[in-house]
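all I have is the shape, not the residue letters:
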């Protein structure tokens, strides 16, 4: 039986509740919902990358990528992405940012499946993203 391994990159703080930023078991890697917090600084509270959807989306994607890499995966291994937005009016802008980001990453595989839903997040946060990867 394969062990379940919790993943916490150096850029992340210890989660505020009993969960892992990411978990890998065998060839399955689940990234917990990430928001646009800047990399952790010792003794300081988490800080959003900025007030705009662009700043937060790019930082959120960087945070997801850090967990993927910590678990030995890349965006090419991602099968499913879920995007949680706080405002339906952000959908088109998020798609533009999302598409440009993955073009810049130079992905050669077909894109991951994606679901986008609208939720409430703590004040000041506009987006959350999680991902499921299957390693070869």
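That came through fine. What you are looking at is a predicted structure, and each value in this text was computed from that prediction instead of being measured.

just checking, next helix/strand downstream of the top helix by length along the chain?
As assigned by DSSP state H, the longest helix anywhere in the chain is helix 53-70. As assigned by DSSP states H and E, the chain's next helix or strand after helix 53-70 is strand 78-85.

show me what the longest helix of the chain is packed up against.
Counting contacts by 3 or more Cβ pairs under 8 Å, 6 or more residues apart in numbering; DSSP states H and E, helix 53-70 is packed against strand 22-25, strand 28-34, helix 91-104, strand 127-134. Yep, even glycine has a C-beta here, placed from its N, CA and C like the rest.

the longest one to helix 53-70, inter-axis angle?
For helix 91-104 against helix 53-70, the angle between stretch directions is 40 degrees (axes from the mean of the first three to the mean of the last three Cα atoms, to 10 degrees).

please give the centre-to-centre distance between helix 91-104 and its chain.
Helix 91-104 sits 14 Å away from the centroid of its parent chain (Cα atoms, centre = their mean, to the nearest Å).

can you give me the buried ones in it?
94, 97-98, 101 (16 or more other Cβ atoms under 10 Å).

rewinding a little: how about residues contacting the longest helix of the chain?
Contact partners of helix 53-70, identified using Cβ atoms under 8 Å, 6 or more residues apart in numbering, comprise 7-9, 11-12, 21-22, 29, 31-32, 34-38, 48-50, 74-75, 77-78, 90, 93-94, 97-98, 101, 125-131, 133.

ditto for stretch 104-111
Under Cβ under 8 Å, 6+ apart, the answer for stretch 104-111 is 75-76, 102.
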